[in-house]
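**Student:** Okay, structure incoming, though there's no sequence with it:
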């Protein structure tokens, strides 16, 4: 017997990455992670790519997202844009 199933889910953006400052000369960035439902900053990240240092203020408070993975993702994004800016200025 063949059955057809359909399910629907309402998806909404739960977190927003707000890139406050990106300084490709200093290889530095500041990023706020914002809870879209509450409209508040959960984590502030201060990333120094040159020294490979990440400082943070705040926490995700177990919101279903692994905090370390999120930090690595944001750091990777920042490193990518930093590299792109340097290549653009050299080329």
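**Tutor:** Structure received. Treat the numbers as computed from the prediction; the structure is a model and nothing was measured. Residues are numbered from 1 along each chain as shown.

**Student:** for this protein, where's the lowest mean pLDDT among helices and strands?
**Tutor:** In the chain, the helix or strand scored least confidently by mean pLDDT, DSSP states H and E is helix 67-90, which has a mean of 86.

**Student:** Residue 59 touches residue 43, doesn't it?
**Tutor:** Yes. If you go by Cβ atoms under 8 Å, residue 59 and residue 43 touch, sitting 6.6 Å apart. To be clear about C-beta, it is placed using only N, CA and C from the backbone, and glycine gets the same treatment.

**Student:** nearest residue to the residue most central in space within the chain other than its sequence neighbours?
**Tutor:** The centre of the chain sits closest to residue 74, judged by Cα atoms, centre = their mean, with a distance of 3.7 Å. Among residues not flanking residue 74 along the chain, residue 31 sits closest, at 5.3 Å (Cβ to Cβ, 6 or more residues apart in numbering).

**Student:** That neighbour - that's part of a helix, no?
**Tutor:** No. Secondary structure of residue 31 (DSSP: H, G, I helix; E, B strand; the rest coil): strand, not part of a helix.

**Student:** Next one: it relative to residue 73, how far apart?
**Tutor:** Separation of residue 31 from residue 73 (Cβ to Cβ, to the nearest Å) stands at 10 Å.

**Student:** Just confirm residue 44 contacts residue 54, I think it does.
**Tutor:** No. Between residue 44 and residue 54 there is no contact under Cβ under 8 Å: 11.0 Å.

**Student:** who has more neighbours, those two?
**Tutor:** residue 54 (18 against 15; other Cβ atoms under 10 Å).

**Student:** Wait, a strand at the more buried one?
**Tutor:** Yes. Under three-state DSSP, residue 54 sits within a strand.

**Student:** Who are the contact partners of it?
**Tutor:** Shown in contact with residue 54 (Cβ atoms under 8 Å, 6 or more residues apart in numbering): 45, 46, 47, 48, 71, 75.

**Student:** how much space between it and residue 34?
**Tutor:** Look at residue 54 and residue 34: by Cβ to Cβ, they are 18 Å apart.

**Student:** what does the least confident helix or strand of the chain rub up against?
**Tutor:** For helix 67-90, the surrounding residues in contact (Cβ under 8 Å, 6+ apart) are 15, 17, 19, 22, 24, 27, 29, 31, 33, 43, 45, 47, 49, 54, 56, 59-60.
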